[in-house]
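Visitor: give me the fold of what follows.
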Amino acid sequence: MSDAATFIKTRIRSDLTAAMKARRTAETSLLRAILAALDNAEAISVGTAHDRYQVRAFGDPSVEAPRRVLSEVDIRNVLLRETAVREAAAREFEKLGRLDEAERLQNEVPLIARYIAHP
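Guide: Here you go, the predicted model:
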């Protein structure tokens, strides 16, 4: 994991702990989603390797998959994509008259923005 990825994930995890202690459920959910998006971005495609799947014992290091190292630009792109998805979904909810859902998603955008490094 790069220094940028380590720093941002540590910061998000710290904020997640604080949000959980304060019982801010919406923020907790969002921070978990951001961590999942970053973890997914680190995943390396296995291609057809799943066809050769074998059951291994728990803790067997041979089943550990390598992870992509995210640069600061990669992290920024993941967070911008998460922001864009929420903005688009909020617009759709507004069109459908679901203003409560639209507002919830719009409120998530500034929370994500605090983790976006400005070049």
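
Visitor: tell me which element Leu35 is part of?
Guide: Taking DSSP states H and E as the definition, one finds Leu35 inside helix 25-42.

Visitor: do the same with Phe93
Guide: Per DSSP H and E, Phe93 falls inside helix 72-95.

Visitor: go on, Ala19?
Guide: Here Ala19 is assigned to helix 3-21, by DSSP H and E.

Visitor: which residues touch the helix holding Phe93?
Guide: Contacts with helix 72-95, where a contact means Cβ atoms under 8 Å, 6 or more residues apart in numbering, come from 2, 4-5, 8, 33-34, 37-38, 41, 68, 70, 99, 101-103, 105-106, 108-109, 112-113, 115-117, 119. In this view, the C-beta of every residue, glycine as well, is placed from N, C-alpha and C.

Visitor: can you count the residues close to the closest residue to Ala113 other than its chain neighbours?
Guide: The shortest distance from Ala113 to any non-neighbouring residue, by Cβ to Cβ, 6 or more residues apart in numbering, is to Thr83 (6.8 Å). Thr83 is flanked by 17 other residues according to other Cβ atoms under 10 Å.

Visitor: circling back to that earlier point, just the buried residues of the helix holding Ala19, please?
Guide: Residues of helix 3-21 classed as buried: Ala4, Ala5, Ile8, Lys9, Ile12, Asp15, Leu16, Ala19 (neighbour count, 16 or more other Cβ atoms under 10 Å).

Visitor: for the fifth one, which residues are in contact?
Guide: Taking Cβ under 8 Å, 6+ apart as the criterion, Ile12 is in contact with Leu31, Ile34, Leu35, Leu38, Tyr115.
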